[in-house]
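Chemist: Turn this into a model:
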Amino acid sequence: MPGGRLTQQERQQIALGVADGLAYAEIARRLDRPTSTVTREVMRNGGPGAYRADLAHRATEHRTNRPRQAAPRGAGAPAPADGRDPEAVRQYEEVFTTLLMQSGLPKMTSRVLACLYTTDAGSLTASELVQRLQVSPASISKATTLLEGQGLIRSERDERRRERYIVDNDVWYDGMIASARSHAQLAETARQGVSILGPDTPAAVRLEGIARFVDFVGENMARAAEQAREILSAKPAATSDGAAEPGSDRG
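Modeler: The predicted structure is shown next:
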């Protein structure tokens, strides 16, 4: 598998693949590159709707040739207290951000959420987010407001009266339950249209099909979320030989 930076020819192939509507995994397979490399390349250079090979290549050269800020004389970079490789963590956060963007979240909102997910404490203040992401307070405020509105994070005041943003372990469960409720509302609205448009009309048949489909998906989504939370949060039971036996209460 080739390593190093993408060449201009590879970027042209990525641009052609994006224009043809190919999946990132397929483009990566043709280039013999990791899917994350192609995904990151496209998303950091305008996204699938604005990616241009020549502009992406020039932007990368500019970033590569940009002079780095010199470290203070006599002060070496201290090793991270947690023992992690800062560059590996940064690259992982970038990949995570890209995947969140593909799910429909704006870029800054995705950056904030990825930052919170990869923080051991699972919480950061607005000022800490500003410092970590090197963006304006207004950008953080807009992103956190959107995330709170979607139930992906919550906020509370800490002992110093600072607003602290938190990701809970149940955030995906809460999100799936909210989505299931949204499906139920859509089904109800579709069935209201059936009675208004007349049960024998093509429009009503279409709406009834929508209602049945989203009812089925929503009910199964809620059931799966409940089962997953119950199973994943259960503590393993001990067997007679002292070993843990998951799911031993199910017979």
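
Chemist: Look up the residues forming beta bridges with residue 165.
Modeler: Going by DSSP bridges, residue 165 is paired in beta bridges with residue 124, residue 155.

Chemist: you'd agree it is up against residue 143?
Modeler: No: under the criterion of CB atoms under 8 Å, residue 165 is not in contact with residue 143, lying 9.5 Å apart. Bear in mind the C-beta positions are built from the backbone N, C-alpha and C, glycine included.

Chemist: and for these two, which residues touch both?
Modeler: Overlap of the contact sets of residue 165 and residue 143 (by CB atoms under 8 Å, 6 or more residues apart in numbering) consists of residue 112.

Chemist: Let me see the contact set for residue 57.
Modeler: Here residue 57 is in contact with 8, 11 (CB under 8 Å, 6+ apart).

Chemist: how about a cut-off of 10 Å?
Modeler: Listed by CB atoms under 10 Å, 6 or more residues apart in numbering, the contact set of residue 57 reads 5, 6, 7, 8, 9, 10, 11, 12, 45.

Chemist: Tell me where this protein has helices.
Modeler: Assigned by DSSP state H, the helices in the chain fall at 8-19, 24-31, 35-43, 53-65, 86-102, 107-117, 126-133, 137-149, 171-197, 202-233.

Chemist: looking at the ones you listed, which has the lowest confidence?
Modeler: Here the lowest mean pLDDT among those goes to helix 53-65, at a mean of 76.

Chemist: follow-up on the earlier one: which two of the contacts of residue 57 have the greatest separation?
Modeler: Distances among the contacts of residue 57 were taken as CB to CB; the most separated pair is 9 and 45, at 15.9 Å.

Chemist: Just give me the closest of the contacts of residue 57 to residue 232.
Modeler: Using CB to CB, residue 45 comes nearest to residue 232 of the contacts of residue 57, at 37.5 Å.

Chemist: ok, that closest one - how many residues close by?
Modeler: Residue 45 has 20 neighbouring residues, counting by other CB atoms under 10 Å.

Chemist: No more questions from me, cheers.
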